[in-house]
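1. got a sequence here, can you model it:
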Amino acid sequence: MRRVPAQRLVQQAAAVGFGEIYIQTGYDPTPAPPDKHLLAVFGQYAPYDIADGDWDSRRKDVEKQFVDLISRFAPDFPECLEESEVLGPPDIERRIGLTGGNIFQGEVTPAFAADSKSKLHLRTGRSASSPRWRRRWTRPT
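-> All right, here's what the predicted structure looks like:
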């Protein structure tokens, strides 16, 4: 798997970093009708802003990305799929209230933590301009 910096994901059309699959009805059949299953794909590192559109216009592209990926391992998956719902970060933020639609309430990177536009603010008692503070957030290039 190739790693893509989070900043570049915003520039890629409908790209999502990776996903996890959960089949809830494998353990508890009650959420679905008899002989049916409930499958959830949890995609991480999806950009809040999508290049060449927005989540409403690119939702099907994101769905296709995951359906195609799952189909590599379960070729009949598209024929088995009856319903789907794709929630992007703006949807999750609106429905659940998670900052940026991110399960971590924002990126957990030093650059994001020190971002003055972020909804999250450093509360350390140290000035962000302190040389010692900058060294801690700097990594070798």
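2. now do the helix or strand hosting residue 41: which elements does it pack against?
-> Assessed by DSSP states H and E, residue 41 sits inside strand 39-44. Here strand 39-44 touches strand 18-23, helix 55-71, going by 3 or more CB pairs under 8 Å, 6 or more residues apart in numbering; DSSP states H and E. Backbone N, C-alpha and C define where each C-beta goes, glycine included.
3. just give me the neighbour total for the residue lying closest to residue 48 once chain neighbours are set aside.
-> Leaving aside its chain neighbours, residue 48 sits nearest to residue 89 (4.4 Å; criterion: CB to CB, 6 or more residues apart in numbering). Residues near residue 89, counting by other CB atoms under 10 Å, number 19.
4. next: residue 75.
-> 9.
5. and if you look at the one 4 residues further on?
-> Neighbouring residues of residue 79 were enumerated by other CB under 10 Å; the total is 8.
6. so it: helix, strand or coil?
-> helix (DSSP: H, G, I helix; E, B strand; the rest coil).
7. pLDDT score assigned to it?
-> Looking at residue 79, its pLDDT stands at 93.
8. residue 112 now?
-> Value listed for residue 112 in the pLDDT field: 51.
9. give me the helix or strand of this structure that scores worst on average pLDDT.
-> The helix or strand of the chain with the poorest confidence is helix 6-11; it has a mean of 43 (mean pLDDT, DSSP states H and E).
10. distance-wise, check the residue nearest to residue 48 relative to residue 76.
-> Counting by CB to CB, to the nearest Å, the gap from residue 89 to residue 76 is 31 Å.
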